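J.: Next come a sequence and a model predicted from it.
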Amino acid sequence: MTSSRLALAALVAGSVFVALAAAPAGAQEIKQLGTFKAWTAWTGADANGAMCYISAQPDDWSPKEVNGSPVRRSPIHFLVINRKGLGTKNEVQTQVGYPFHPSNANVTATVDGKTFPMVTEGEAAWLAVEADEATFVEALKAGTKLTVNGTSQKGNKMSDSYSLSGVTAALGEISKACT
């Protein structure tokens, strides 16, 4: 995992949580561009310049319970990020709300049956092959359902399911904002 991806993960995760929590004026400025069914488009800036991203929360996730106890997770999000300042586009990332198992084994993102392997660091995961990002985003646009599967640090199999309704419009909005 490159240090720039880790730094981006921390920045975006913090930005999503700040934006969603309606942070005070002194916080990093993140602006919501709009909500398009299940997906929200955002814009902001960091030391490298403008960045835009879309995010969604899962429609469903599991397990909700392990050995009779409720599973507790931080907010769960799936993101696609464009960073105008760095010239990057279509970075795919998920924040799953608890640490992944350190083996990185079998973490995947699946769009309508097409599976893409992912790599993890802490609670975040990215596509394992950066060259797959554009293909993955095209699959999102054409698809109806996204599922992220993996294993938690405690060994529990997890699955997050997202509707892709509105993803194309949200991606279009960040393309306009970060061109």
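T.: In hand now; what should we look at?

J.: And the pLDDT for the residue of the chain positioned farthest from its centre?
T.: Largest separation from the mean C-alpha position in the chain: residue 68, at 28.9 Å (Cα atoms, centre = their mean). With respect to pLDDT, residue 68 has a value of 95.

J.: where's residue 170 relative to residue 63, distance?
T.: Separation of residue 170 from residue 63 (Cβ to Cβ, to the nearest Å) stands at 29 Å. C-beta: built from backbone N, CA, C; applies to glycine.

J.: Which one's more surrounded, the two?
T.: residue 170 (26 against 13; other Cβ atoms under 10 Å).

J.: quick one: the helices in the chain?
T.: 3-20, 133-142, 167-177 (DSSP state H).

J.: Look up phi and psi at the residue farthest from the centre of the chain.
T.: phi 80, psi 0 (degrees, to the nearest 10).

J.: so residue 62 makes contact with residue 156?
T.: No. With contact defined as Cβ atoms under 8 Å, residue 62 does not count as touching residue 156 (9.4 Å).

J.: where are the low-confidence patches of the protein?
T.: 1-28, 104-105 (pLDDT under 70).

J.: Report the buried residues of stretch 119-130.
T.: 120, 122, 123, 124, 125, 126, 127 (16 or more other Cβ atoms under 10 Å).

J.: Put together a markdown table for the residues you listed, with distance to residue 133 on each row.
T.: Formatted as a markdown table, the buried residues of stretch 119-130 follow (distance: Cβ to Cβ, whole Å):
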| residue | distance to residue 133 |
| --- | --- |
| 120 | 16 |
| 122 | 20 |
| 123 | 20 |
| 124 | 15 |
| 125 | 13 |
| 126 | 9 |
| 127 | 6 |
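
J.: Strands - which of these land there?
T.: 120, 124, 125, 126, 127 (DSSP state E).

J.: As a markdown table, the residues you listed with distance to residue 109 would be great.
T.: As requested, those are exported to a markdown table (distance: Cβ to Cβ, whole Å):
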| residue | distance to residue 109 |
| --- | --- |
| 120 | 12 |
| 124 | 13 |
| 125 | 8 |
| 126 | 9 |
| 127 | 7 |
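
J.: List just the nearest of these to residue 138.
T.: residue 127 (13.0 Å; Cβ to Cβ).

J.: what's the closest one in contact with, if anything?
T.: When contacts are counted by Cβ atoms under 8 Å, 6 or more residues apart in numbering, residue 127 touches 92, 109, 116, 117, 118, 119, 133, 136.

J.: Show me which pair in these is furthest apart.
T.: 119 and 136 (13.7 Å).

J.: all strands of the protein, in order?
T.: 30-36, 39-46, 49-56, 60-62, 65-66, 69-70, 77-83, 88-95, 108-111, 114-121, 124-127, 145-151, 157-163.

J.: Could you provide those strands in TSV, with additional columns for distance to residue 179?
T.: TSV is the format used below for those (distance: least, Cβ to Cβ, whole Å):
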stretch	distance to residue 179
strand 30-36	13
strand 39-46	11
strand 49-56	9
strand 60-62	34
strand 65-66	45
strand 69-70	44
strand 77-83	9
strand 88-95	10
strand 108-111	25
strand 114-121	26
strand 124-127	23
strand 145-151	25
strand 157-163	26
